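> Sharing a model that was predicted from the sequence below.
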Amino acid sequence: MTSAEKDLYPIGTVEKKTGLSARQIRYYESMGLVNPVRTNGGQRRYTENDVLRLIRIKQMRDSGFDLKSIKEKIQVFEQKLEEISLPSVNPAQVKLSSLYPVSNRAVLMKLLEKK
DNA sequence: TTTCTGACA
DNA sequence: TGTCAGAA
């Protein structure tokens, strides 16, 4: 199986997949909660990971968290991703299994499709 | 037709 | 957040 994770969705599809309105999706982006890429025409294109991230945001929102808390949560998450991505870090020094329930870094990176 | 930005209720 | 306008 080749690379089966290059799908990009327009905001309309994301609305259906997440249950959020385009208004909310764009607003969350302005708050730094998601970073979709843009087409030449300026339209937003979301990856599967952006969709999953938006679903998590929606769940947290429904759980009573304000956007500020959610934003902080995401920033901490991104920060941890950087840590485990640093080639200078020895796997033995990072208790990956205690941070995320994945068997290895490749799986995690694929799940989050980060550089 | 769909999406974009800005703006107003 | 919803929704309208005007443009792409």
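That came through, no problem.
> Which helix or which strand is home to A:Glu29?
Using DSSP states H and E, A:Glu29 falls within helix A:22-30.
> Show me the residue of chain A that gets nearest to DNA strand B, please.
A:Gly12 (2.3 Å; CB to the nearest atom of the strand). For every residue, glycine as well, the C-beta is placed using N, CA and C.
> Burial check on the closest residue to that residue other than its chain neighbours, number of neighbours?
Closest residue to A:Gly12 apart from its sequence neighbours, by CB to CB, 6 or more residues apart in numbering: A:Ala22 at 7.2 Å. Per other CB atoms under 10 Å, the neighbour tally for A:Ala22 reads 13.
> Now the nearest residue to A:Lys73 once chain neighbours are set aside: which helix or strand?
Nearest residue to A:Lys73, sequence neighbours excluded (CB to CB, 6+ apart): A:Met60, at 7.1 Å. According to DSSP H and E, A:Met60 maps onto helix A:48-62.
> Now do that helix against helix A:22-30: the angle between them, please.
In terms of direction (axes from the mean of the first three to the mean of the last three CA atoms, to 10 degrees), helix A:48-62 departs from helix A:22-30 by 100 degrees.
> got the buried residues for helix A:48-62?
Within helix A:48-62, the residues that count as buried by 16 or more other CB atoms under 10 Å are A:48, A:50-51, A:53-54, A:56-58, A:60-61.
> Any residue of that helix touching DNA strand B?
No. Between helix A:48-62 and DNA strand B, judged by CB under 7 Å from any atom of the strand, nothing touches; the nearest distance is 11.9 Å.
> Touching, the residue nearest to A:Gly12 and A:Thr13? I think so.
No. Here A:Ala22 lies out of contact with A:Thr13, judged by CB atoms under 8 Å, at a distance of 10.6 Å.
> Got phi/psi on A:Tyr9?
In terms of degrees, to the nearest 10, the main-chain angles of A:Tyr9 are phi -110, psi 140.
> residue contacts, it?
A:Tyr9 is in contact with A:17, A:45-47, A:51, counting by CB atoms under 8 Å, 6 or more residues apart in numbering.
> That'll do, ta.
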